Each structure stands twice: as structure tokens, then as C-alpha cells.
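Need coordinates for the below:
(one chain, ligands or ions: 2)
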Amino acid sequence: MPLSAVPTPASPAATPATGPGPVLSVVIPTLNEAGNVAELVSRIERALSGVAWEVIFVDDNSPDGTAAVAKRLSLSDRRVRCIRRVERRGLAGACIEGILSSAAPYVAVMDADLQHDEAILPKMLAHLEQGDTDLVVGTRYVEGGSAAAFDARRGALSRIATRAAQRFLGTSLSDPMSGFFMLRREVVEAMAGELSSEGFKILLDIVTTAGGRLRIAEEPFVFRSRFSGESKFDSRVGIEFLGLLLGKMTFGVVNPRFLLFGLVGAAGLGVHLIVLKASLLYASAFFPTAQSLATVTAMGNNFLLNNFLTYRDRRLKGLAMLKGFAGFCLIGAAGAVTNVGIASYFYDERPVWWLAGMTGALMGLLWNYTMSSRFVWHTR
Ligand code: GDD
Ligand code: MN
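Ligands and ions are numbered 1, 2, ... in the order given. Got it, this is the predicted structure:
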């Protein structure tokens, strides 16, 4: 049966085609929040009486059926929408997708678990409607706000992350890690392609990407305890944030690729020593021969591991792989010269063998990494 032949069920209250859309979309990322959805919607309804609002749940296929619960609400309330994403994960990406699905001039982002106080939504909206503000951040760290609901460990982590972000990322926000904010939708539309879809740091990402161009206001709120379900914050989120900080502090040199490159290098050293020992022991090879064999094996090992892990997104195949290996060896040889040169210079200045040795090795690693990225795997 062709689709057009499917009879449309007669609806008792057909929705009118015309009429103004919402002024405010409240985007709510969800992962296993089924027990919070209904309570949250009813609280938002109470808080936003007199405002044309909608809520957009963006659910990452939660096993607890959050999306189904939200869609059941949609059937009796057109202001409730739900985007169900499959095979995708991530708080930031969910927020961006929700924001981009909106047509309203103003968009808020808030957590589903009722930790964010919906009562300040009207105040946030008032800031934006006055026309002199692009972004309003719900903050726990000014007079009138509080993060006392955090346990001691999360509270300490949050304070450290806040300080670190203020110091190293140059933001003056009092609560840069806040997940509660409202902005003019255009702000995100304009930079959507540049935002990272991973991790929890969406607000920070928006503010740093805008690079000081946003007019920002803050609105204090008291962070509450979770209503139902469990937090999704885990060590991965923390490590990711550390990675972001390290990256900014080293002007982008320290990043996941660089760390993998370093690990592969360390594995290569292991391979080198094993091959050296084995050829001396079992093949009773002449030392220079054994050392050369070990070097070539380690280079091959490093090239292959980097090709399959570090640069898996730009993996070389066939002839390009051979050419790549030749380039990798050349860069490595030059890297060794750099390494020895710098280490010797350091040793002359300050004869501490391990300090000079490590400095040389680190410089060699940096050289190999930047040159290989550029000329072997052609990043950027
Ligand atoms: N769609 C989607 N996908 N939603 C997610 C994901 C994901 O991978 N991970 C978490 N969420 C949703 C949760 O369901 C919740 O609605 C919201 O994002 C926040 O997650 P929580 O698990 O409640 O985080 P939290 O309370 O520990 O962390 C809060 O404080 C942090 C800073 O202290 C949040 O407000 C964070 O945004 C904030 O960075
Ligand atoms: Mn929470």
C-alpha cells in the first residue's frame, strides 16, 4: 500500500496550521532520566506561565525509556518535543542538536534532574529580551547562589575546575562549568560547526569560541539535589576536562593524538630492547648489527601502531603507506640528531645526566610528532 493511501485518522482537535511559535525553547539533554521528565515539565509550566515556551528533550536512546515517557507527554501537550538519538552519545552534542532544532529566538539549556532551579528562567529571559545581553548564565558561585547540594568530593572538584577554567582559559564567568544557561539562538547557529560535541563543557566551549564577543549576564540559583536517577558525571568527564586544560596551556600541542604518539614511542622503546637482547642472545649478533636491527624493528612497530591508532582517521594504505614509512624514518633520523644535539647542549650547561637526557628525548618526541603529523599523515 503506498503511503498516501494510509488513511489519516480523523483527529477531534486538529491542530491549527497558523499561530505563533514559541519564544523560548528549553533544551534538556537526557540519559536515563525517565523519573524526572514529568515533574520537570510541570515545574517549567508553572515557572513560565505567560511565556510561549516549548521543551525539547534530547535523549541518547536511554535504556530506561526516557524518550517514550517524553513522547507520551507530547501526545497531550504540543509544547513538549523529544529528539531520540541512536548510536550517539554526549551531553554537549545533545545540547547543540536540541538548540539547532529550535526556531525560537531564545533557547535555554538545563539538566533534567531538577538540580537547576526553573524559577530563574523568567529572569534569564527578561535579560535577553531587554536586548543588551546575548547569554545569561545560571551561577552557583555568586551571592544568592549555592552549590551546597554537592557532596564534599564533587564540591571540591567543582571549585578546582572553576578556578582552573578561570585561570587558564581566561574566562571571567563565576561558574564556567554551569550546565544552566539561556542565550539568543543565533549565537549558537553562527558557531555550530566549531563546537565540540563531546563532554560536559558546552558553556565554556560557546564562550571561548565566541572569543569575548558575547554580552554576558549572570543569575544566581541554588543547586538542588537530584530528584530521581543517578549522575552521569564520571572520571572520563574529569579526564576530558584535564585534557582540554592541558591543550589550552600548551597552545594545542598536548592533545589526545600527542599522548597516543608518546605512548606508541614508549612501546617502541620496549620493542627495541627486546629485539636487541634477543639478537645478542640467540643470534649472537655483533652489537652494531643487533642495534640496527632493533632500531628498524622499533621504527616499523611505531609506524604501524601510529598508522592504526594515533592517526586511525587518516590511515595510510598501499603505496602511500610505503612512502609514509620512508618519511617517518627520515623524520625519526633528524629527530635523533635534534635529540642528541639538545641533550648535549643541556649537559654542557648543567651536567645532570637524566635532566639533559629527558629534555633531549622530549624535544625529539615533539619534533617527531609535529613533523609526522604534518608531512606523513598530513593533518591540517
Ligand atoms: N543526551 C545526553 N547524552 N544527555 C546526557 C548525557 C549524554 O551522554 N550525559 C549526561 N546527560 C544529561 C543528564 O541526563 C542530565 O540531564 C544532564 O545531562 C546533566 O547530567 P548529570 O549526570 O545530572 O550531571 P551532574 O549533575 O553530575 O553535573 C552537573 O554539574 C556539572 C558541573 O558541576 C551538570 O549541570 C553539568 O552540566 C555541569 O557541568
Ligand atoms: Mn545532575
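
which residues sit in contact with G211?
Applying CB atoms under 8 Å, 6 or more residues apart in numbering to G211 gives no contacts. Where you see a C-beta, it was placed from the backbone N, CA and C, and this is true even at glycine.

Give me the distance between it and G50.
Using CB to CB, to the nearest Å, G211 is found at 36 Å from G50.

swap in A112?
For A112 relative to G50 (CB to CB), the value is 24 Å.

need the helices for the stretch 51-200 of the chain, in chain order.
Along the stretch 51-200 of the chain, counting by DSSP state H, counting those that start in this stretch, helices occupy 66-76, 91-100, 121-129, 152-168, 185-191.

Same question for the stretch 201-350 of the chain.
Under DSSP H, counting those that start in this stretch, the stretch 201-350 of the chain gives helices at 202-210, 235-249, 256-282, 287-305, 318-349.

closest one to ligand 2 among those helices?
helix 235-249 (11.7 Å; CB to the ion).

Near ligand 1, which residues of the stretch 51-200 of the chain are found?
58-60, 89-91, 94, 111-113, 115, 158, 177, 179, 200 (CB under 6 Å from any ligand atom).

Tell me which two in these are the farthest apart.
D59 and S158 (25.4 Å; CB to CB).

out of those two, which sits in the busier spot?
D59 (29 against 19; other CB atoms under 10 Å).

residues contacting C329?
Here C329 is in contact with 299, 303 (CB under 8 Å, 6+ apart).

err, G50, not the other one
No contacts exist for G50 under CB under 8 Å, 6+ apart.

in which helix or strand would I find V26?
strand 24-30 (DSSP states H and E).

Other residues contacting that strand?
37, 40, 44, 48, 51-60, 62, 66-67, 70, 91, 94-95, 98-99, 102, 104, 106-112, 121, 125, 182, 185.

Among those residues, name the buried ones.
Buried by 16 or more other CB atoms under 10 Å: 37, 40, 44, 48, 53-60, 62, 66-67, 70, 91, 94-95, 98-99, 102, 104, 106-112, 121, 125, 182, 185, out of these.

where does the stretch 251-380 of the chain dip in pLDDT?
380 (pLDDT under 70).

Quick one: the helices of the stretch 201-350 of the chain as CSV, columns for distance to T370 too.
Formatted as CSV, these follow (distance: least, CB to CB, whole Å):
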stretch, distance to T370
helix 202-210, 24
helix 235-249, 15
helix 256-282, 9
helix 287-305, 16
helix 318-349, 9
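
For M358, which of the ones you listed is the nearest?
helix 318-349 (8.5 Å).

Near ligand 1, which residues of the stretch 201-350 of the chain are found?
Counting by CB under 6 Å from any ligand atom, the stretch 201-350 of the chain sits next to ligand 1 at 231-233.

Try it again at 8 Å.
For the stretch 201-350 of the chain, the contact set with ligand 1 under CB under 8 Å from any ligand atom comprises 201-203, 223, 226, 229-233, 237.

With pLDDT and neighbour count added, can I get these in CSV?
Output for those, formatted as CSV (pLDDT from 0 to 100; neighbours: other CB atoms under 10 Å):
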residue, pLDDT, neighbour count
K201, 85, 23
I202, 92, 26
L203, 95, 25
F223, 97, 23
R226, 95, 16
G229, 95, 18
E230, 94, 10
S231, 93, 11
K232, 90, 17
F233, 86, 13
V237, 83, 16
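
Cross-check the residues you listed against ligand 2 and keep the overlap.
Counting by CB under 5 Å from the ion, nothing from those sits close to ligand 2.

dump the residue contacts of the closest residue in space to E189 that isn't next to it in sequence.
Nearest non-adjacent residue to E189, counting by CB to CB, 6 or more residues apart in numbering: L100, 7.1 Å away. Contacts were defined as CB under 8 Å, 6+ apart; by that measure L100 touches 188-189, 192.
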